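Visitor: Next input, structure requested:
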Amino acid sequence: MKRSSVPLMYGIYIAIALIAYFLLLSLFGLHTNPAYSIFNLVITGVGIFLAIKHYKEKKGGKFKYQKGFVAGLMAGFIATFLFTGFFALYTSELNPNFQDQLITMWETDWFVPIGMLIFSVALMGFATSLVVTLAIMQLYKPTWNTSEGKKHTY
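Guide: Predicted coordinates:
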């Protein structure tokens, strides 16, 4: 398996997990409550962590920070594209009333077009991917707290 396929593979896995979680919530009628989307952070975080870990193993245990960051970010972005595509299909074709159910949850008089709703889902996914990847890469950043480094401190 090529190194470049690691983000694709894990991006697909993350998207499948996000879609399964969304469909599970919809079985119980909880998919209209935005509070449950906080678990998407956990799903995305675990997927990105595993993607970076797998990428590191493919590189023999050593890799540049930038390469690991790109691997994690690409996995998250691929998952976001796939989940947003599913969400667009679900909102427009599978459950056309979903948009009205979701918006009335906030009890506003605003009209939110479907494009804005889909854009919001994509934006949240991209932001989550970026922040989670930055946080996870801190685990893989080489430390400067070595015995040699301590010799050069005051």
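
Visitor: so what does the lengthiest helix in the chain touch, helix or strand wise?
Guide: Counting residues, the longest helix in the chain under DSSP state H turns out to be helix 114-140. Applying 3 or more Cβ pairs under 8 Å, 6 or more residues apart in numbering; DSSP states H and E, we find helix 114-140 packed against helix 38-58, helix 65-89, helix 98-104. Bear in mind the C-beta positions are built from the backbone N, C-alpha and C, glycine included.

Visitor: Distance-wise, check the closest residue to Ser37 other than its chain neighbours relative to Leu82.
Guide: Spatial nearest neighbour of Ser37, excluding adjacent residues (Cβ to Cβ, 6 or more residues apart in numbering): Met124 at 7.7 Å. Applying Cβ to Cβ, to the nearest Å, the value for Met124 to Leu82 is 14 Å.

Visitor: quick one on the thing from earlier: buried residues in the longest helix of the chain, which are they?
Guide: Along helix 114-140, these residues count as buried under the neighbour rule (16 or more other Cβ atoms under 10 Å): 117-118, 121-122, 124-126, 128-129, 132-133, 136-137, 140.

Visitor: And stretch 75-84, by the same measure?
Guide: By 16+ other Cβ under 10 Å, the buried positions in stretch 75-84 come out as 75-80, 82-84.

Visitor: re the thing from before, is it possible to export the helices and strands packed on helix 114-140 to TSV including mean pLDDT and distance to Leu24?
Guide: Output for the helices and strands packed on helix 114-140, formatted as TSV (pLDDT from 0 to 100; distance: least, Cβ to Cβ, whole Å):
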stretch	mean pLDDT	distance to Leu24
helix 38-58	92	10
helix 65-89	93	14
helix 98-104	62	15
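
Visitor: Tabulate those (TSV), appending distance to Ile19.
Guide: Formatted as TSV, these follow (distance: least, Cβ to Cβ, whole Å):
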stretch	distance to Ile19
helix 38-58	10
helix 65-89	5
helix 98-104	14
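
Visitor: With His31 as the reference, name the closest of those.
Guide: Set against His31 and scored by Cβ to Cβ, the helices and strands packed on helix 114-140 come closest in helix 98-104, at 7.6 Å.

Visitor: Compute the distance from the centre of stretch 115-125 to the centre of its chain.
Guide: 13 Å (Cα atoms, centre = their mean, to the nearest Å).
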